[in-house]
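1. The following comprises the amino acid sequence and a computationally predicted model.
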Amino acid sequence: MKKILPIAAMLLLCVAANAKVVEKTYTVRGHCGMCKNRIETAAKGFEGVQTAAYDLKAQRLTLTYDSRQVKPNTVLKALAAMGYDAGKFTAPQEAYDRLEACCRYREIPEVNEHGHHGE
């Protein structure tokens, strides 16, 4: 037993040393608190994702993840399949149409940096 503990400890250190934790931010379109909750919950559901924080106002999802366990495109594709435009992935219209009415961000005029709708 005394010989096993040092070996186990060494294995754990090797695994921890090989983990590649990355933090990156991606554009994800959403519109309300329900969107924020769904986006964060879905992202956190992937093995390897340690944190997922969605900034509703900025339309940005910050992921902290182990890049050896999960690829961000996998998470972004899943969000697009749920109805949210995510990174380079556009949600299929059918998925977007399944969103609650309050979540339909494409139907709300965008506000520019001066606080005006449209161009």
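-> Looks like it arrived, so ask away. This is a predicted model, so every value here is computed, not measured.

2. what's around the nearest residue to residue 53 once chain neighbours are set aside, how many residues?
-> Once flanking residues are discounted, residue 53 sits nearest to residue 62: 4.8 Å by CB to CB, 6 or more residues apart in numbering. In short, each C-beta sits where N, CA and C put it, glycine included. The local packing of residue 62 (other CB atoms under 10 Å) involves 15 other residues.

3. Is residue 62 located within a strand, as I assumed?
-> Yes: using DSSP: H, G, I helix; E, B strand; the rest coil, the assignment for residue 62 is a strand.

4. for it, what are its contacts?
-> Contacts were defined as CB atoms under 8 Å, 6 or more residues apart in numbering; by that measure residue 62 touches 23, 24, 25, 51, 52, 53, 54, 55.

5. How about it: which residues does it bridge to?
-> As for beta bridges, residue 62 partners with residue 25, residue 53 under DSSP bridges.

6. So for the residue positioned nearest the centre of the chain, what's the nearest residue that isn't a sequence neighbour?
-> The C-alpha lying nearest the average C-alpha coordinate of the chain belongs to residue 43 (CA atoms, centre = their mean; 4.4 Å). Sequence neighbours aside, residue 52 is the residue nearest to residue 43 in space, at 3.5 Å (criterion: CB to CB, 6+ apart).

7. my guess is that neighbour meets residue 70, correct?
-> No: checked against CB atoms under 8 Å, the pair residue 52 and residue 70 is beyond contact range at 11.1 Å.

8. What are the boundaries of the strands in the protein?
-> For the chain, strands defined by DSSP state E occupy the ranges 21-27, 49-55, 60-66.

9. what's the neighbour count on the nearest residue in space to residue 63 that is not next to it in sequence?
-> Of all residues not flanking residue 63 in the chain, residue 52 sits nearest, at 5.5 Å (CB to CB, 6+ apart). The number of residues packed near residue 52 is 19, by other CB under 10 Å.

10. Can you give me the distance of residue 52 to residue 94?
-> Applying CB to CB, to the nearest Å, the value for residue 52 to residue 94 is 25 Å.
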